[in-house]
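**Q** below is the sequence, then the predicted model.
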Amino acid sequence: MNNIADLRKSYERAELSEDASHADPLHQFAQWLDEAIKSQVPEPNAMTLATVANNLRPSLRVVLIKGYDEQGVVWYTNYQSRKGQELAGNPYAALQFHWVELERVVRIEGVVEKVSDAESDAYFKSRPLDSRIGAWASPQSRVIASRAVLVSNAARYAAQFLLQPPRPPHWGGYRLKPDNWHFWQGRKSRLHDRLRYTLDHQGAWIRERLAP
């Protein structure tokens, strides 16, 4: 049996310097995400979402980014899911991208809000039919007796809506509005590059280097 404490990797692919990075974290993120997509890393759009319940117990799950701009980072889900319930009680959350092959991590923190109904409607209509039916069929995060429940629900809603299922009222988008970005580039000897961007009171980004 391998000893996991002995697993080692030397990070030597790239570096992240103040001179070569963007002053605006959104531009830095756009560059790194574009490079991850072009490098064909597995699921470059996958991000871990962390939320915290009212009892201060955190939870994590992987979701997919569906858009980003100056307003924030967007994903879509069931509002009645565990993450939806936790965001309703505590709107602060964190996201993390980990592009293993590029030895890079991006962490984003901020407050979360729902996107507009028009945005949610437009994205829902763009999804494959099976995914639109699935949004109706799955009572996300709830206990079900078996997979047969999902199959039965999917068949029932497919028969009901045919080719035009509307967006469920319990399903839509969230937008995390960043106030903290953290870019990590693996380096040799564990002397990693870490740049943090935080908002000041005037709404300007402050870039700082953190020790690894």
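**A** Yep, that arrived. Numbering: from 1, shown residues only.

**Q** which stretch of helix or strand covers the residue positioned nearest the centre of the chain?
**A** Nearest to the mean C-alpha position of the chain, counting by Cα atoms, centre = their mean, stands M47 at 3.7 Å. In this structure, M47 sits in strand 46-52 according to DSSP states H and E.

**Q** wait, P139 touches Q80, no?
**A** Yes. Applying Cβ atoms under 8 Å, one finds P139 in contact with Q80, separated by 7.5 Å. Every residue, glycine included, has its C-beta placed from N, CA and C.

**Q** right, and S141 touches Q80 too?
**A** Yes. Between S141 and Q80 there is a contact under Cβ under 8 Å: 7.4 Å.

**Q** the more surrounded of those two?
**A** Q80 (17 against 14; other Cβ atoms under 10 Å).

**Q** angle of the top strand by length along the chain against strand 46-52?
**A** Longest strand in the chain, counting residues (DSSP state E): strand 171-185. Counting by axes from the mean of the first three to the mean of the last three Cα atoms, to 10 degrees, strand 171-185 lies at 100 degrees to strand 46-52.

**Q** tell me how far strand 171-185 lies from the chain's centre.
**A** 7 Å (Cα atoms, centre = their mean, to the nearest Å).

**Q** list the buried ones in the helix or strand immediately after that strand in the chain?
**A** Remark: after strand 171-185, the chain's next helix or strand is strand 193-199, criterion DSSP H and E. For strand 193-199, a neighbour-count test (16 or more other Cβ atoms under 10 Å) marks 193-198 as buried.

**Q** and if you look at stretch 118-132?
**A** 119-120, 123-124, 132.

**Q** mean confidence for that stretch?
**A** For stretch 118-132, the mean per-residue pLDDT is 98.

**Q** repeat for stretch 61-79
**A** Mean predicted confidence for stretch 61-79 is 98.

**Q** going forward can the numbers begin at 47, since that is how I track them
**A** Fine by me, first position is 47 from now on; the one you just mentioned is stretch 107-125.

**Q** export it to PDB, keeping only CA atoms.
**A** Extracted in PDB, the C-alpha atoms of stretch 107-125 (Å, rounded to 0.1, in the frame of the first residue of the first chain):
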ATOM      1  CA  ARG A 107     -20.100  20.800  -4.000                       C
ATOM      2  CA  VAL A 108     -19.000  21.100  -7.700                       C
ATOM      3  CA  VAL A 109     -21.000  23.300 -10.000                       C
ATOM      4  CA  LEU A 110     -20.300  24.700 -13.500                       C
ATOM      5  CA  ILE A 111     -19.600  28.300 -14.400                       C
ATOM      6  CA  LYS A 112     -22.100  29.600 -17.000                       C
ATOM      7  CA  GLY A 113     -21.000  33.100 -17.300                       C
ATOM      8  CA  TYR A 114     -18.900  35.900 -15.800                       C
ATOM      9  CA  ASP A 115     -18.400  39.700 -16.300                       C
ATOM     10  CA  GLU A 116     -17.900  42.800 -14.200                       C
ATOM     11  CA  GLN A 117     -21.000  41.900 -12.200                       C
ATOM     12  CA  GLY A 118     -19.800  38.500 -11.100                       C
ATOM     13  CA  VAL A 119     -19.700  34.800 -11.700                       C
ATOM     14  CA  VAL A 120     -22.900  32.900 -12.600                       C
ATOM     15  CA  TRP A 121     -24.100  29.300 -12.200                       C
ATOM     16  CA  TYR A 122     -27.500  27.700 -12.300                       C
ATOM     17  CA  THR A 123     -29.200  25.200  -9.900                       C
ATOM     18  CA  ASN A 124     -32.300  24.300  -7.900                       C
ATOM     19  CA  TYR A 125     -33.200  27.000  -5.400                       C
END
